[in-house]
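**Q** what follows is a predicted structure for the sequence shown.
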Amino acid sequence: GIINYADDKNIILQCDDGSGGVTPYLTLDGSAGFTTVQKKMRFADNVAVTLGTGDDLSLFHDGTNSSITNSVGNLTINTGHSDKDIIFKGTDGGASITALTLDMSDAGKAIFSGNITLSNGGGTSPSPKLEFFRQAGVSSYIQYDVANKILVVDSAHASGSISHKINGTEKMNIGSDGNT
(Lines give C-alpha, C1' and ligand atoms only; values in the text may rest on other atoms or scores of the structure.)
Protein backbone atom coordinates (compact mmCIF):
# COMPACT_ATOMS: atom_id res chain seq x y z
CA GLY A 1 0.00 0.00 0.00
CA ILE A 2 0.91 3.66 -0.11
CA ILE A 3 2.02 4.89 3.34
CA ASN A 4 3.40 8.23 4.52
CA TYR A 5 5.17 7.94 7.89
CA ALA A 6 6.06 11.66 8.15
CA ASP A 7 4.14 13.58 10.84
CA ASP A 8 1.45 16.00 9.61
CA LYS A 9 2.27 15.44 5.93
CA ASN A 10 0.04 14.57 3.00
CA ILE A 11 -0.35 11.96 0.32
CA ILE A 12 -1.45 13.64 -2.89
CA LEU A 13 -2.66 11.67 -5.91
CA GLN A 14 -1.98 13.72 -9.03
CA CYS A 15 -2.49 13.09 -12.71
CA ASP A 16 -2.17 14.80 -16.07
CA ASP A 17 -4.99 17.33 -16.37
CA GLY A 18 -5.27 17.04 -20.17
CA SER A 19 -3.04 20.04 -20.89
CA GLY A 20 0.36 18.52 -20.19
CA GLY A 21 0.51 19.60 -16.52
CA VAL A 22 -0.43 17.70 -13.39
CA THR A 23 -3.35 18.42 -11.07
CA PRO A 24 -4.13 17.01 -7.62
CA TYR A 25 -7.18 14.75 -7.68
CA LEU A 26 -7.19 13.37 -4.14
CA THR A 27 -5.36 14.48 -0.99
CA LEU A 28 -5.00 12.52 2.24
CA ASP A 29 -4.33 15.46 4.58
CA GLY A 30 -2.28 14.21 7.54
CA SER A 31 -2.23 17.56 9.36
CA ALA A 32 -6.00 18.24 9.11
CA GLY A 33 -7.04 14.60 9.51
CA PHE A 34 -9.35 14.29 6.52
CA THR A 35 -9.40 13.53 2.80
CA THR A 36 -10.15 16.19 0.21
CA VAL A 37 -11.26 15.59 -3.36
CA GLN A 38 -10.13 18.25 -5.82
CA LYS A 39 -11.81 16.86 -8.94
CA LYS A 40 -15.20 15.34 -9.67
CA MET A 41 -15.59 11.66 -8.74
CA ARG A 42 -17.69 9.58 -11.10
CA PHE A 43 -19.20 6.32 -9.92
CA ALA A 44 -20.30 3.79 -12.54
CA ASP A 45 -23.95 2.74 -12.79
CA ASN A 46 -24.98 0.18 -10.17
CA VAL A 47 -22.19 1.24 -7.76
CA ALA A 48 -23.51 2.73 -4.52
CA VAL A 49 -21.87 5.51 -2.54
CA THR A 50 -22.28 4.40 1.06
CA LEU A 51 -21.71 6.14 4.38
CA GLY A 52 -21.48 4.65 7.85
CA THR A 53 -19.75 1.53 9.17
CA GLY A 54 -22.74 -0.63 8.22
CA ASP A 55 -23.40 1.16 4.89
CA ASP A 56 -26.22 2.97 6.72
CA LEU A 57 -26.82 5.63 4.06
CA SER A 58 -26.47 5.00 0.36
CA LEU A 59 -26.76 6.98 -2.85
CA PHE A 60 -27.40 4.75 -5.83
CA HIS A 61 -27.97 5.10 -9.58
CA ASP A 62 -28.83 2.11 -11.77
CA GLY A 63 -28.45 3.85 -15.13
CA THR A 64 -32.11 4.88 -15.19
CA ASN A 65 -33.26 5.75 -11.66
CA SER A 66 -31.57 7.15 -8.57
CA SER A 67 -32.27 6.62 -4.89
CA ILE A 68 -31.20 7.73 -1.45
CA THR A 69 -31.65 5.02 1.18
CA ASN A 70 -31.24 5.42 4.92
CA SER A 71 -31.12 2.10 6.78
CA VAL A 72 -31.09 3.33 10.39
CA GLY A 73 -32.59 6.21 12.37
CA ASN A 74 -34.13 9.32 10.85
CA LEU A 75 -33.12 10.85 7.54
CA THR A 76 -32.89 14.58 8.20
CA ILE A 77 -32.62 17.14 5.43
CA ASN A 78 -31.42 20.33 7.04
CA THR A 79 -30.60 23.74 5.68
CA GLY A 80 -28.25 25.12 8.30
CA HIS A 81 -28.43 28.71 7.10
CA SER A 82 -31.11 30.93 8.62
CA ASP A 83 -34.19 31.56 6.46
CA LYS A 84 -32.92 29.53 3.49
CA ASP A 85 -35.50 27.24 1.89
CA ILE A 86 -35.51 23.56 0.96
CA ILE A 87 -36.55 23.34 -2.68
CA PHE A 88 -37.63 20.28 -4.68
CA LYS A 89 -37.24 20.72 -8.44
CA GLY A 90 -37.93 18.56 -11.45
CA THR A 91 -38.77 18.58 -15.14
CA ASP A 92 -42.36 18.39 -16.41
CA GLY A 93 -42.77 17.88 -20.16
CA GLY A 94 -39.28 19.29 -20.78
CA ALA A 95 -39.82 22.40 -18.64
CA SER A 96 -38.00 22.93 -15.34
CA ILE A 97 -40.37 23.36 -12.40
CA THR A 98 -40.16 23.94 -8.67
CA ALA A 99 -42.55 21.30 -7.31
CA LEU A 100 -42.29 22.14 -3.60
CA THR A 101 -40.64 24.82 -1.50
CA LEU A 102 -40.34 24.51 2.25
CA ASP A 103 -40.16 28.16 3.31
CA MET A 104 -37.87 28.35 6.34
CA SER A 105 -38.49 32.08 6.80
CA ASP A 106 -42.18 31.18 7.40
CA ALA A 107 -41.71 28.31 9.91
CA GLY A 108 -41.35 25.68 7.16
CA LYS A 109 -44.59 26.48 5.32
CA ALA A 110 -44.98 24.12 2.34
CA ILE A 111 -45.58 25.89 -0.96
CA PHE A 112 -46.70 23.58 -3.77
CA SER A 113 -46.54 24.85 -7.35
CA GLY A 114 -49.40 22.58 -8.42
CA ASN A 115 -52.36 20.69 -7.06
CA ILE A 116 -52.14 18.61 -3.89
CA THR A 117 -53.64 15.11 -3.83
CA LEU A 118 -53.89 13.10 -0.63
CA SER A 119 -54.42 9.52 -1.72
CA ASN A 120 -55.83 6.46 -0.01
CA GLY A 121 -52.77 5.61 2.06
CA GLY A 122 -50.44 4.41 -0.67
CA GLY A 123 -52.77 2.12 -2.59
CA THR A 124 -52.94 2.09 -6.36
CA SER A 125 -56.63 2.93 -6.61
CA PRO A 126 -57.31 6.62 -7.27
CA SER A 127 -60.00 6.86 -4.58
CA PRO A 128 -60.69 7.73 -1.87
CA LYS A 129 -58.60 10.85 -2.01
CA LEU A 130 -58.71 14.51 -1.11
CA GLU A 131 -57.53 17.09 -3.62
CA PHE A 132 -56.64 20.72 -3.19
CA PHE A 133 -56.20 22.71 -6.36
CA ARG A 134 -56.58 26.26 -7.58
CA GLN A 135 -57.25 28.09 -10.76
CA ALA A 136 -54.77 30.71 -11.92
CA GLY A 137 -55.51 34.14 -10.43
CA VAL A 138 -58.09 32.83 -7.93
CA SER A 139 -57.35 33.17 -4.22
CA SER A 140 -59.15 30.91 -1.77
CA TYR A 141 -58.42 28.98 1.38
CA ILE A 142 -59.67 26.37 3.80
CA GLN A 143 -58.82 26.93 7.45
CA TYR A 144 -59.88 25.43 10.75
CA ASP A 145 -60.60 28.14 13.33
CA VAL A 146 -59.57 26.41 16.57
CA ALA A 147 -60.90 29.13 18.89
CA ASN A 148 -64.42 29.00 17.42
CA LYS A 149 -64.28 25.32 16.34
CA ILE A 150 -65.44 26.04 12.78
CA LEU A 151 -64.19 25.16 9.32
CA VAL A 152 -63.80 28.28 7.20
CA VAL A 153 -63.94 28.08 3.40
CA ASP A 154 -63.26 31.43 1.76
CA SER A 155 -63.41 32.08 -1.99
CA ALA A 156 -61.86 35.56 -1.51
CA HIS A 157 -63.95 37.12 -4.30
CA ALA A 158 -66.76 39.60 -3.70
CA SER A 159 -68.94 37.99 -6.37
CA GLY A 160 -67.87 34.39 -5.82
CA SER A 161 -69.72 31.50 -4.29
CA ILE A 162 -68.96 28.23 -2.51
CA SER A 163 -70.34 25.07 -4.11
CA HIS A 164 -70.87 21.73 -2.37
CA LYS A 165 -70.93 18.82 -4.85
CA ILE A 166 -71.40 15.07 -4.52
CA ASN A 167 -70.20 12.95 -7.46
CA GLY A 168 -69.95 16.11 -9.58
CA THR A 169 -73.57 17.14 -8.90
CA GLU A 170 -74.07 20.40 -7.05
CA LYS A 171 -76.09 19.86 -3.85
CA MET A 172 -75.66 23.32 -2.31
CA ASN A 173 -74.34 26.69 -3.43
CA ILE A 174 -73.71 29.56 -1.06
CA GLY A 175 -73.59 32.86 -2.94
CA SER A 176 -71.61 35.95 -1.97
CA ASP A 177 -74.81 37.34 -0.42
CA GLY A 178 -75.01 34.33 1.96
CA ASN A 179 -78.08 32.83 0.30
CA THR A 180 -78.17 29.15 -0.63
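**A** Great, that's in hand.
**Q** I150 and Y144: what is the separation?
**A** Per C-beta to C-beta, to the nearest Å, I150 is found 8 Å from Y144. Where C-beta positions appear, they are placed from N, C-alpha and C, glycine not excepted.
**Q** hmm, I typed the wrong one, I wanted L118.
**A** Relative to Y144, L118 is positioned 16 Å away (C-beta to C-beta).
**Q** again, but for G20
**A** 69 Å.
**Q** how far is stretch 60-76 from where the chain is centred?
**A** With C-alpha atoms, centre = their mean, to the nearest Å as the basis, stretch 60-76 stands 13 Å off its chain's centre.
**Q** what's the span of it, first residue to last?
**A** 18 Å (C-alpha to C-alpha, to the nearest Å).
**Q** where in the protein is pLDDT low?
**A** Low-confidence segments of the chain (pLDDT under 70): 120-130, 135-139, 156-158.
**Q** and S58, what does it touch?
**A** S58 makes contact with A48, V49, T50, L51, S67, I68, T69, S71 under the criterion C-beta atoms under 8 Å, 6 or more residues apart in numbering.
**Q** can you list the residues you listed in a markdown table and add distance to G30, secondary structure and neighbour count?
**A** Below are those laid out as a markdown table (distance: C-beta to C-beta, whole Å; DSSP: H, G, I helix; E, B strand; the rest coil; neighbours: other C-beta atoms under 10 Å):
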| residue | distance to G30 | secondary structure | neighbour count |
| --- | --- | --- | --- |
| A48 | 28 | coil | 14 |
| V49 | 24 | strand | 13 |
| T50 | 25 | strand | 15 |
| L51 | 22 | strand | 11 |
| S67 | 35 | strand | 10 |
| I68 | 32 | strand | 11 |
| T69 | 33 | strand | 13 |
| S71 | 32 | coil | 12 |
